[in-house]
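Peer 1: this one's structure only:
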């Protein structure tokens, strides 16, 4: 989103974010298991002197094929953020924390397409917004 130093509310942070990640996925019989670890590192906003705290994010998923091409599963995620820094000085108690949990339905609609719908309830939130995150993803594979 955009960033304007004169605005009290901004859609963006006016910085670059680097997000290295590592993940693993394994299918065992009719079970599908996945885990991903992310680490967000933010650059300093030169206009405000604020550096958002780095964040460690763990996302996990476990699902079960109830029919060929249909998986019912669940997610449990956690985000832990460090305190923000202002002109190099840590601002106490500004780190974020958020937990998410909820169901996922995956449907392979054809050899080339699939649909995933997820509903994640957020809880244990500190210094961030809390709510219900609904996502839908349509995938079209170029090769089967």
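Peer 2: In hand now; what should we look at? Not measured: the values here are computed from a predicted model.

Peer 1: what pairs with the helix or strand of the chain with the lowest mean pLDDT, and is each one parallel or antiparallel?
Peer 2: Using mean pLDDT, DSSP states H and E, strand 50-51 stands out as the lowest-scoring helix or strand of the chain, at a mean of 92. Partner strands and pairing direction for strand 50-51 (DSSP bridges) are strand 85-86 (antiparallel).

Peer 1: and the least confident helix or strand of the chain, how far from the chain's centre?
Peer 2: From the chain centre to the centre of strand 50-51 is a distance of 21 Å (CA atoms, centre = their mean, to the nearest Å).

Peer 1: touching it from outside, list them.
Peer 2: Under the contact criterion CB atoms under 8 Å, 6 or more residues apart in numbering, strand 50-51 has outside partners 15, 42-45, 84-86. To be clear about C-beta, it is placed using only N, CA and C from the backbone, and glycine gets the same treatment.

Peer 1: which ones among those residues map onto strands?
Peer 2: 42, 85-86 (DSSP state E).

Peer 1: buried subset of those?
Peer 2: Buried subset of the ones in strands among the contacts of strand 50-51 (neighbour count, 16 or more other CB atoms under 10 Å): 42, 85.

Peer 1: of the ones in strands among the contacts of strand 50-51, just say which sits nearest to residue 104.
Peer 2: The closest of the ones in strands among the contacts of strand 50-51 to residue 104 turns out to be residue 42 (CB to CB; 28.6 Å).
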